[in-house]
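Chemist: with the sequence up front, the predicted model follows.
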Amino acid sequence: MLTLLEQLDKGTLWQSPGGIHPPQLKTLSNQSTIARLPLAHRFVVPVPLVGEQAVLTVAVGDQVLKGQMLTEGTGFTYLPVHAPTSGRVVAIEQHATNHPSSLPTLSCVIEADGQNAWCELIPHSLEQLSKNQILDKIKNAGIAGMGGAAFPTHVKLNPASEINLVIINGVECEPYISSDDRLMRDYSDEILKGIAVIHHLLNPQRIIIAIEDNKPEAAKAMQDAVQRSTLPAGIIRVTVIPTKYPSGGEKQLIQIITGKEVPSGHIPAQLGIVVHNVGTAYAIQEAVYQGKPLIERVVTLTGEQIGQPGNYWLPIGTTINDALQAVSFNPSAAQKVIVGGPMMGYALADLDVPILKGTNCLLAPSAHEIAPDVDEKACIRCGECAVACPALLLPQQLFWHAKAEEYDKAASFNLKDCIECGCCSYVCPSDIPLVEYYRVAKSALKIEAEEKRQAEQAKVRFEARIQRLEDEKNAREAKAKEAAAKRQSNMKSTDKDAVAAAMARIAAKKAQATSSTVSPEAPQTTVDPKKAAVNAAIERAKAKKAAKANTVSRANELDTSSAEVSVDDKQAKIAAAVARAKAKKAAQANTESTVQTPNPAETEVAGTEPTADAVDDKKARVAAAVAKAKAKKLAQAGQTDDSAVEAEPTTDAVDDKKARVAAAVAKAKAKKLAQVGQTDNTAVEAEPTTDAVDDKKARVAAAVAKAKAKKLAQVGQTDNTAVEAEPTTDAVDDKKARIAAAVAKAKAKKMVQASQIDIGEAASQPTVSVESTADIAPDAALTVTADSADLSPEQIKKAKVAAAVAKAKAKQLAKRAEQEEQ
Amino acid sequence: MAFKIASSPHVSTSLHTNTVMKRVAFCLIPGIAVQSYYFGFGTLVQILLAVSVAYLAEAAVMKLRNKNIKATLSDNSALVTACLLAVAIPSLAPWWLIVIGTLFAIVIVKQLYGGLGNNVFNPAMAAYVLLLISFPVQMTSWVAPQTIAMNHASLLTSVQTIFEINQSFAAEYFRLGIDGIAMATPLDTLKTDLSMGLTTTESLAKPIFSGLAAEGWFGVNLAYLVGGLVMLKLKVIRWHISVAIIASLFVCASFGFLVSPDTFVSPLMHLFSGGTMLAAFFIATDPVTAATSPRGRLIFGAMIGVLIYLIRTFGGYPDAVAFAVLLANMCAPFIDYYVRPRSYGHRTGK
Amino acid sequence: MTSIFIAVAVLSILALVFGVILGFASKKFKVEGNPIIDQVEALLPQTQCGQCGYPGCRPYAEAIANGDHINKCPPGGTATMEKIAELMGVEQEPLNAEAQSSVKKVAYIREDECIGCTKCIQACPVDAIIGAGKLMHTVIANDCTGCDLCVEPCPVDCIDMIPVETTLQNWDWKLNTIPVKVIHSEQEEPAC
């Protein structure tokens, strides 16, 4: 029993099962040496990894040099992309790609300048570099397997396990293709240099160059090159194998050379074997010794519809159209253009797609070379496919299940081991496109597996979320308990006076609430715009067809005054117009009319202009949102009424509840509605006797500000600060000011600034009463809307101008506030 | 210019289903010729009748199923089915026998199961069994081989007999041997004789047997064997099933013959009488109803061989090819399920 | 008469013996948990959409194990229902929700319209929406199960369910669906 190495040295060959002997037709293209075509004007370089593992290093309009890197990225399997020639990047766009699907991929379109000027290349010799440097060089040169699969080469050159045998694949078993054949004949010494690099990196015990016996010249050339090479004697040999398709398949070649089978689902490296294409060896040599990235490759242009068939050096990114035109492509009716060979290649739907690193052949056959497709007939289970299958599968069973879409059953017949070589379809007497069935089945299985994985992930995420919610709940409860315990201990330490005081405060509050005519309105007015916006949005989404009559009647029920009804009518009319136009302008008008609704309160109010502007600004924003969201006016009108209802005199109980809600919300995330609640709270705190409550509010506000400094939260604060303008709460004011400053620092958003206006104002006019500040909002509305109910564009314009002014002022004030703070 | 998209591979062999079927039909020719020589022109008339009925029936079904009639008829599978059934029944059987049989084979056994490729049973054999069970008299009325027959049927008289035009030329008339006794088939004779207590040697002395094999049938089987070998050469069929049938039948028969030559006939008798060769090369090799993997086919063939022997020797019917094939057809999916070849990169078949 | 007694006695003893064996086996080979629930859950699509009326896929799996209808999972579609029917050994039932299109969809937030209300974040069963209050939200498309639950709560209706885009990775190889570019040969004649 000879050892494997002895067998290899003897050139023993094993039998690979199945296989076919299609007519070779290689002489069409392998008669002349590899030529060059005139440089194309436009190149399309796909950059599919951009957005995942890589970023572009060029922008539209940039000048690039030949060989310049177009992407930069990370990741083990990431490969850079290089410019195939010098020129200008004219577009970075989705462009159809060289793939059976012709789906668009992000691509760099480069217009050649004709200079073909190289970027700086750094040649090296093997001794100058460490192994890692060589690998980096190979990676940076963007070298992928040139046999068709285009797997990153540096990964294969850096295996986890020890490599005993390297097979250099010069088999090229597909009919028509002769690019490797010509490369071996014309560049055998360069290939050997590349093999030397591979030898240096992997240090295998043997290197076998496998060549089919239909390429005697190539075998001879390689044999001579081996004689000339500097590699240690006895390590490398050329083995000629019998011609049979698909001997060039990696697994089949390993079986022929070594008699071993690559276990299903594994890679050859686990057997200590690595297979590299001769083209890859050539590219490695170019990259290491010349520093040239992989920007061109040998492509066989063949088929009877091509005037000058042969092998050509084509820059990667040359469009197939350009390449075919340059060799006098003469398309026939129903012309097929096949990328790759006739056995495994795919027909293109679109010729404006680029040559890629794995594109080894373009085949433009005439109708009699490749017969037009015939209809699929019934499978007679003749079993010829099973005889031809090199993977020893049962294609007829696979077909049976794939056709019935029983993909799991197809998988049980080892569908995944199918190498899609096409032998089964080739021999099928019923013209069944078996490979197509398998591909569909495989992709379905892949998608199914992906869905399964996603479902698994979704489950994990779902459970994590449940856990998180549970944890949050527990934490909240624990906190509440702790707080309660603290309170209790405090109670013990302080005397009963505290309780009494609290009681007194509550009583006072109650009295205030009932006696004051202003305080109920204050919340009403401040609440309205925000609540209206929120509710309006909700209503918009939920009840798109809110009945006009309904809302009006609801309005009637709520606001009994006849004047209100007339206003509503007007609003209805405006609403119709707005809905139709959907313009931002109209939307603004719409909000203003919304503001208009709480009319009764406004009669008692007198306010100042600047603050009104600030409020207007807010309005404008709300309006914009409204317009975008296809708002319906009447719905909003209804809402306004709702908010008006809510604005009705508030009782203490409600206030308490709100305070609690506000606290919880502030802790959680400071959500919009919660903030509305807060607004109410602040209105409540306008009462002179509720210092303690104010403290609480201040804390809440602080938490909110710290949490996220959200826009509306800040709006809420605005009101807070307005409230604190009261002379009796100086200490609180300080706190507020600080919070506001923090907020301003944090995000400095428009509304933040708006809020600071109030602060500024609070600082500058300490004597402004609660009532007046609180009522500013409705007043602002009044200033715009009082004179005429139907809003003219000029008024809107005014409002906008005012808003802008307010913004500017707000910025200034914010600055001032900050300065003061400092 | 419109680009056509088709899946790879873009090339394929020229050996298509219709060619395969045509070649099968061509390879039947030597057998048919010899059969006609021994059993008269009736065989040819039956084939003509069967083929035309088969095509008509298939066309009608295709019409009903709204399928492409021409595409279906051109696959030539109906031709093969019709020929096989026609050579399997007695050459002077009445016309309605072959019509019923062909209709059953094409319409019920093949098309009702979904057409070519989907039928579970071999159509010709299913029809044969139907006829054998329904019309046992007509189905066993083989005429005497020409070499030993008393009356010879001309083409005209064959037609007259088949279409029952002239009652004087009933099939019985041509069954008479040179000794004036109506002859059964060799296997039938043997069976009857053995059940009557005669030894095989005594039975084989009858004129219907010539030497070790049956008169006429030996030649017919030899001709089918030749046709089968041509098919193998043309790669129309693979060798597994045929070899397995012949080998297993030979082994079983040899075993019996060695144990008791008086009660069991020789292997040669088994191999070259009845429909053995026809079954081994033309009937059991129908890929649709056979097992598909090479190993599965060996098992399938061996099963048919053993069944032929068992039914012939111990069963109630003199010949057993049809039953054996149908039984094996039933087992084919089962065999395919359990006999899976080991795929590349796998340790076992599963 | 005695033979009857013998028969009765023998049968009784047999029953006793088998009873003991069964009792022992039930202790010895006791299966923890209810594996059928896990099996059903494995078949469910894990969108956690709640369209079945249960708060997630596992509760529905438990319900199925307890005999609930198997036709309440629109995201799984008929295929899932059939698999469950096979597993549970029950009759197949037509889906009670209107048949959903089999195209997988993911949620997409029109970001300039998002008001940052966080309602969709709370609705998402798999935490696939990120964003903060008042700030725009977005969907992590890879984690989105297409359950639809975020569409309803959105106050400004800015969430769309859009079909997953076909990429080179998930292309299904159905060649005959590719539009073929037809160019008239006059235009395509090479210049030279």
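Modeler: Happy to help now that I have it. Numbers count the residues shown, from 1 in each chain, chains lettered A, B, ... in the order given.

Chemist: low-confidence ranges in the stretch 151-300 of chain B?
Modeler: B:166-173, B:175-184, B:210-213 (pLDDT under 70).

Chemist: so which residue of it comes closest to chain C?
Modeler: The minimum distance from the stretch 151-300 of chain B to chain C, using Cβ to the nearest Cβ, falls at B:T292 (25.3 Å). Placement of C-beta: from N, CA and C, glycine included.

Chemist: which residues in chain B form strands?
Modeler: For chain B, strands defined by DSSP state E occupy the ranges B:209-210, B:213-214.

Chemist: and the residue of the stretch 251-350 of chain B nearest chain C?
Modeler: Relative to chain C, the nearest point of the stretch 251-350 of chain B is B:Y337 (18.9 Å; Cβ to the nearest Cβ).

Chemist: any idea how the chain splits into domains?
Modeler: Let's take chain A. Here the domain parsing of chain A from automatic domain parsing is A:22-372, A:374-493, A:499-821.

Chemist: chain C, not that one
Modeler: With automatic domain parsing as the reference, chain C has domains C:35-88, C:103-168.

Chemist: B:M62 - nearest residue in space that isn't next to it in sequence?
Modeler: Spatial nearest neighbour of B:M62, excluding adjacent residues (Cβ to Cβ, 6 or more residues apart in numbering or on different chains): B:I69 at 4.4 Å.

Chemist: what number of residues lie near the one you found?
Modeler: Around B:I69 there are 16 other residues, counting by other Cβ atoms under 10 Å in any protein chain shown.

Chemist: same deal with the one 10 residues further on?
Modeler: Applying other Cβ under 10 Å, we find 22 other residues in the vicinity of B:L79.

Chemist: how far away is it from B:L85?
Modeler: B:L79 sits 11 Å away from B:L85, going by Cβ to Cβ, to the nearest Å.

Chemist: cool, C:I84 as well?
Modeler: Counting by Cβ to Cβ, the separation of C:I84 from B:L85 is 48 Å.

Chemist: more neighbours, these two?
Modeler: Between C:I84 and B:L85, counted using other Cβ under 10 Å, B:L85 has the larger neighbour count: 29 against 22.

Chemist: from C:Y60, how far out is the spatially closest residue to that one that is not a sequence neighbour?
Modeler: Leaving aside its sequence neighbours, B:L85 sits nearest to B:A124 (Cβ to Cβ, 6+ apart; 4.4 Å). From B:A124 over to C:Y60 the distance is 54 Å, taken as Cβ to Cβ.

Chemist: what does B:G301 give?
Modeler: Distance from B:G301 to C:Y60, by Cβ to Cβ: 53 Å.

Chemist: who's more crowded, these two?
Modeler: B:G301 (28 against 25).

Chemist: kindly tell me how buried the nearest residue to the more buried one once chain neighbours are set aside is, as a neighbour count.
Modeler: The shortest distance from B:G301 to any non-neighbouring residue, by Cβ to Cβ, 6+ apart, is to B:A244 (2.6 Å). B:A244 has 22 neighbours, counted by other Cβ under 10 Å.

Chemist: and B:A244, what does it touch?
Modeler: By Cβ atoms under 8 Å, 6 or more residues apart in numbering or on different chains, the contact set of B:A244 is B:297-302, B:304-305.

Chemist: and of those residues, the nearest to chain A?
Modeler: Nearest to chain A among those, with distances taken as Cβ to the nearest Cβ, is B:R297, at 7.5 Å.

Chemist: burial measure for the closest one, as a count.
Modeler: 28.

Chemist: need the contact list for the closest residue to it other than its chain neighbours.
Modeler: In space, B:R297 comes closest to B:H240 once its chain neighbours are excluded; the distance is 3.8 Å by Cβ to Cβ, 6+ apart. Contacts for B:H240 (Cβ under 8 Å, 6+ apart) come out as B:294, B:297-298, B:301.

Chemist: then B:G345?
Modeler: B:G345 neighbours (Cβ under 8 Å, 6+ apart): A:251, A:261-266, A:391, A:417.

Chemist: need these in CSV (columns: pLDDT and neighbour count).
Modeler: Shown next, in CSV, are these (pLDDT from 0 to 100; neighbours: other Cβ atoms under 10 Å in any protein chain shown):
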residue, pLDDT, neighbour count
A:K251, 91, 22
A:E261, 91, 22
A:V262, 91, 22
A:P263, 91, 14
A:S264, 88, 15
A:G265, 86, 9
A:H266, 88, 11
A:A391, 91, 26
A:D417, 91, 18
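
Chemist: within reach of chain C, which of those are there?
Modeler: Applying Cβ under 8 Å from any Cβ of the partner chain to the contacts of B:G345, one finds that nothing falls near chain C.

Chemist: list just the nearest of those to chain C.
Modeler: A:D417 (17.5 Å).

Chemist: ok, the closest one - contacts?
Modeler: A:264, A:391, A:393, B:343-346.

Chemist: A:E93 too?
Modeler: For A:E93, the contacting residues are A:106-107, A:109, by Cβ under 8 Å, 6+ apart.

Chemist: show the pLDDT at the nearest residue to A:T230 once chain neighbours are set aside.
Modeler: Excluding the flanking residues, the one nearest A:T230 by Cβ to Cβ, 6+ apart is A:A196, at 7.0 Å. At A:A196, the pLDDT value in this model is 92.

Chemist: what residues does the helix or strand encompassing A:A196 touch?
Modeler: Per DSSP states H and E: A:A196 is located in helix A:188-202. For helix A:188-202, the surrounding residues in contact (Cβ under 8 Å, 6+ apart) are A:126, A:131, A:134-135, A:157-159, A:163, A:166, A:168, A:183-184, A:207, A:209, A:221-222, A:224-226, A:228-231, A:235-236, A:274, A:276, A:278, A:280-286, A:288-289.

Chemist: quick check: A:L106 is in a strand.
Modeler: Yes. Assessed with DSSP: H, G, I helix; E, B strand; the rest coil, A:L106 lies in a strand.

Chemist: that one against A:A91, yeah?
Modeler: No. Counting by Cβ atoms under 8 Å, A:A91 is not a contact partner of A:L106; they are 10.6 Å apart.

Chemist: count the neighbours of the residue in the stretch 1-150 of chain A that chain C sits nearest to for me.
Modeler: Chain C sits closest to A:S101 of the stretch 1-150 of chain A, with a gap of 4.6 Å, by Cβ to the nearest Cβ. Using other Cβ under 10 Å, A:S101 has 21 neighbouring residues.

Chemist: contacts only, for it.
Modeler: By Cβ under 8 Å, 6+ apart, the contact set of A:S101 is C:166, C:168, C:171, C:173, C:178.

Chemist: go on, C:M161?
Modeler: C:105-108, C:146, C:148, C:151.

Chemist: apply 7 Å and report the result again.
Modeler: C:105, C:107, C:146, C:148, C:151 (Cβ atoms under 7 Å, 6 or more residues apart in numbering or on different chains).

Chemist: keep only those of those residues that are in strands.
Modeler: Those of the contacts of C:M161 lying in strands (DSSP E): C:105, C:107.

Chemist: tell me where chain C has strands.
Modeler: For chain C, the strands defined by DSSP E cover C:105-109, C:129-130, C:138-139, C:159-163.

Chemist: one step back: quick one: the residue of the stretch 1-150 of chain A closest to chain C and A:A349, what's the gap?
Modeler: Applying Cβ to Cβ to A:S101 and A:A349 gives a distance of 8 Å.

Chemist: same question for A:I34.
Modeler: Separation of A:I34 from A:A349 (Cβ to Cβ): 29 Å.

Chemist: around chain C, pick out the residues from the stretch 201-350 of chain A.
Modeler: Contact residues, the stretch 201-350 of chain A versus chain C (Cβ under 7 Å from any Cβ of the partner chain): A:325, A:328-331, A:333, A:349-350.

Chemist: and the gap between whichever residue of the stretch 51-200 of chain B sits closest to chain A and A:D431?
Modeler: Nearest residue of the stretch 51-200 of chain B to chain A, counting by Cβ to the nearest Cβ: B:G117, 3.5 Å away. For B:G117, the distance to A:D431 (Cβ to Cβ) stands at 13 Å.
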